[in-house]
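K.L.:
Take a look and give me a structure for this.
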Amino acid sequence: MWSKIISYIPSWSTLFQAGLALIIPLGIYYINTSIYSFVGSKGAKPKHSSDRPLSDEHNEGHADQQHEPSSKISGNYDSDLKSIREAIGENSDVHFREFVVKKFHARSVLVFIEGMQDEELMNKQVLQVLMFEGQQDPQEQQESISNSFIKDSLMPLTQISEVADMEDLQESILLGHTALLIEGMKGALLVGSPNGSIRSVNEPTSEALLRGPRIGFTEVLSENTSMLRRQGLNKSLEMKKFQVGSRIKKDLVVAYIKDIVNLDLLEEVNRRISKIDMDFLAESGYVEQLIEDNYLSPFQQAHNTERPDRVINALLEGRIAILLDGTPFALIVPVTFSMLLQSPEDYYERWIPGTLLRLLRFCGAFIALMGPALYISFISFHPGLIPTKLVISIIETRQGVPFPSVIEVMILEISIEILREAGIRLPKPIGPAMGIVGGLVIGDAAVNAGIVSPFLVIVVSVTAISSFSIPTYSAGITLRLLRFVGMLFAALLGMFGTILFFLLICIHLTKLKSFGVPYVTPFSPMRLSDWKDVFIRAPISMMKRRPVMMKTQQKKRRP
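P.N.:
Down below sits the predicted model:
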């Protein structure tokens, strides 16, 4: 009897694997908690007394620390011009174009940065008007040389503003504005707007579509906001401008539809942006990392896109777009995991092909994440779960391979990642060809040398191709990173480790939020009404309501 009872007791290896399956998640939990508490205590900052964007108190505080009280522009031409030259310093790209205003016989100067102004506009609307038009009237000379008279009666420009402070004038010139200084006039005028050479509007390179608009954002903020306006007439579309960067300032715009957006969400976005304190924000990726909920998570919590149509559709769902000057990538918040696997083309095609394409992407994402881990689990720990004929075939292909399965998978996966990265960095004419040829040569040479098995080459190739099916490049990088973690779990615990790894990912995604919205909604919390736009893309006539998770002011799409 005892022998029969003992036969039911698992072996020591099984008990060891079960113990590790219990200890590892507990260890990860405590390590994660310790890191959060440590980083939180180190990185905690006192909150601002006011959450209003770009508060004057914050800006004045920086100014008081860095600059002395600035002088005014007096109207004495020689003194003011000397002060400007001293303030500009040795900036060789700043030019001074001196001339005489015909109407007043007054000396004048245009101060501008080379390449940052519209030369034709300056020649026709400024120099030609002031140098060749108007007659001198000595009786009106003293009272007519004023900012208001020049601005309202002489200068046919839509963008013109006054500045009376020498420090503000210096800052405006260095930001690309053209300054006009006239003898006898207190203050200066900023004419036109910075208008250097810009890239033409092209099709987005990171989000190519077979069917859909062929325009993408550029690096100029005004062009990007105008693209959103040109999507269609909507008086409710609002754009709120911020200025970010404590040392090098850039414009940032928060776009939303005021009668749809959740006001609490809008307030939270404004609060986080107003707290940004950094010398320079080179790209929207800086903004994404500074305002995300959990910077320790490998998953992105803001969706980046180059497509204006994708942004406007997100705004109609109640989301918020963040556009930064100097980058063609806009941010959409909040984001959910299912949103990363959706493409605008799903809605441009009929619902049946759109659903099929979406299901293929979900399958591709699963293979890209779990493919190598499942291979290691089956080959090294559970070959009995594979059909007999397939096992025999795999064993035959592995004859002579000197490495265990995890090592040969690592060799091929690292080689593929290096080739992928090299293909991106190489010049465009040779990048794709180099990637294909390099993959074929390395794979064939590795098989012939007996380093890896042919079956593994198929597995790694399918995994790599599956990762390309993900529409969002950043999401693909995350799955590629986690793939290596899954391979280590599988190498240690077999199928137990693979399942444990998948459960840990699910637990993390369940806890993760993007601006207060659960990352895996509508699965958790369960919202069946939103399932019509997750795995399947229901007919457009059935999608009459906006996502419940967004808590929008208007629930119906067509009220």
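K.L.:
Could you use CA atoms for every contact and neighbour count after this?
P.N.:
OK.
K.L.:
how about low-confidence regions in the stretch 51-200 of the chain?
P.N.:
51-70, 133-147, 152, 195-198 (pLDDT under 70).
K.L.:
cool, and the stretch 401-550 of the chain?
P.N.:
428-440.
K.L.:
That one: strands as residue ranges?
P.N.:
Listed in chain order, the strands of the stretch 401-550 of the chain (DSSP state E, counting those that start in this stretch) span 513-514, 517-518.
K.L.:
can you give me the helices in the stretch 151-300 of the chain?
P.N.:
Along the stretch 151-300 of the chain, counting by DSSP state H, counting those that start in this stretch, helices occupy 166-174, 221-230, 263-274, 284-291.
K.L.:
Would you mind putting the strands of the stretch 401-550 of the chain into CSV with mean neighbour count and distance to Lys235 alongside?
P.N.:
Converted to CSV, those look like this (neighbours: other CA atoms under 10 Å; distance: least, CA to CA, whole Å):
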stretch, mean neighbour count, distance to Lys235
strand 513-514, 20, 28
strand 517-518, 19, 27
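K.L.:
For Asn313, find the nearest of the helices of the stretch 151-300 of the chain.
P.N.:
With distances scored as CA to CA, the stretch of the helices of the stretch 151-300 of the chain nearest to Asn313 is helix 221-230 (10.4 Å).
K.L.:
which other helices and strands contact the closest one?
P.N.:
helix 308-316, strand 320-324 (3 or more CA pairs under 8 Å, 6 or more residues apart in numbering; DSSP states H and E).
K.L.:
and if we set it to 10 Å?
P.N.:
When contacts are defined as 3 or more CA pairs under 10 Å, 6 or more residues apart in numbering; DSSP states H and E, helix 221-230 packs onto strand 237-244, strand 250-257, helix 308-316, strand 320-324.
K.L.:
Tabulate the strands of the stretch 401-550 of the chain in TSV, adding columns for distance to Arg247.
P.N.:
What follows is these, written out as TSV (distance: least, CA to CA, whole Å):
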stretch	distance to Arg247
strand 513-514	29
strand 517-518	33
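K.L.:
ok, back up a step: Leu360: which of the helices of the stretch 151-300 of the chain is closest?
P.N.:
Of all the helices of the stretch 151-300 of the chain, it is helix 284-291 that lies closest to Leu360, at 28.6 Å by CA to CA.
K.L.:
helices or strands up against the host helix or strand of Arg85?
P.N.:
Per DSSP states H and E: Arg85 is located in helix 77-88. Contact analysis of helix 77-88 by 3+ CA pairs under 10 Å, 6+ apart lists strand 94-101, strand 106-113, helix 166-174, strand 178-182 as its packing neighbours.
K.L.:
Deepest in the core, which of the ones you listed is it.
P.N.:
Mean neighbour count (mean count of other CA atoms under 10 Å) peaks for strand 178-182 among the helices and strands packed on helix 77-88, with a mean of 24.
K.L.:
what's the offset of that strand from the middle of its chain?
P.N.:
Computed by CA atoms, centre = their mean, to the nearest Å, the chain-centroid distance of strand 178-182 equals 38 Å.
K.L.:
Now do it against helix 166-174, angle only.
P.N.:
Here strand 178-182 points in a direction 130 degrees away from that of helix 166-174 (axes from the mean of the first three to the mean of the last three CA atoms, to 10 degrees).
K.L.:
Can you tell me the strand partners of strand 178-182 and which way each runs?
P.N.:
Paired strands of strand 178-182, with direction, are strand 106-113 (antiparallel), strand 188-191 (antiparallel) (DSSP bridges).
K.L.:
Give the closest residue to the one residue sitting closest to the centre of the chain in space, chain neighbours not counted.
P.N.:
Nearest to the mean C-alpha position of the chain, by CA atoms, centre = their mean, lies Asn304 at 3.8 Å. Excluding its sequence neighbours, the residue lying closest to Asn304 (CA to CA, 6 or more residues apart in numbering) is Leu331, at 4.6 Å.
K.L.:
That neighbour pairs with what?
P.N.:
Asn304, Ile322.
K.L.:
While we're on it, how confident is the model there?
P.N.:
At Leu331 the predicted local confidence, pLDDT, stands at 95.
K.L.:
Next, count neighbours for it.
P.N.:
Residue neighbour count, defined by other CA atoms under 10 Å, stands at 23 for Leu331.
K.L.:
Start at 543, not 1
P.N.:
Understood, numbering begins at 543; the last thing we discussed is Leu873.
K.L.:
Hmm, it is touching Leu857, no?
P.N.:
No. When contacts are counted by CA atoms under 10 Å, Leu873 is not listed as touching Leu857 (11.4 Å).
K.L.:
shared neighbours of those two, anything?
P.N.:
The contact sets of Leu873 and Leu857 overlap at Ala863 (CA atoms under 10 Å, 6 or more residues apart in numbering).
K.L.:
show me where the stretch 543-692 of the chain has helices.
P.N.:
544-550, 554-585, 598-608, 619-630, 661-663, 670-674, 680-686, 689-691.
K.L.:
Many thanks, have a good one.
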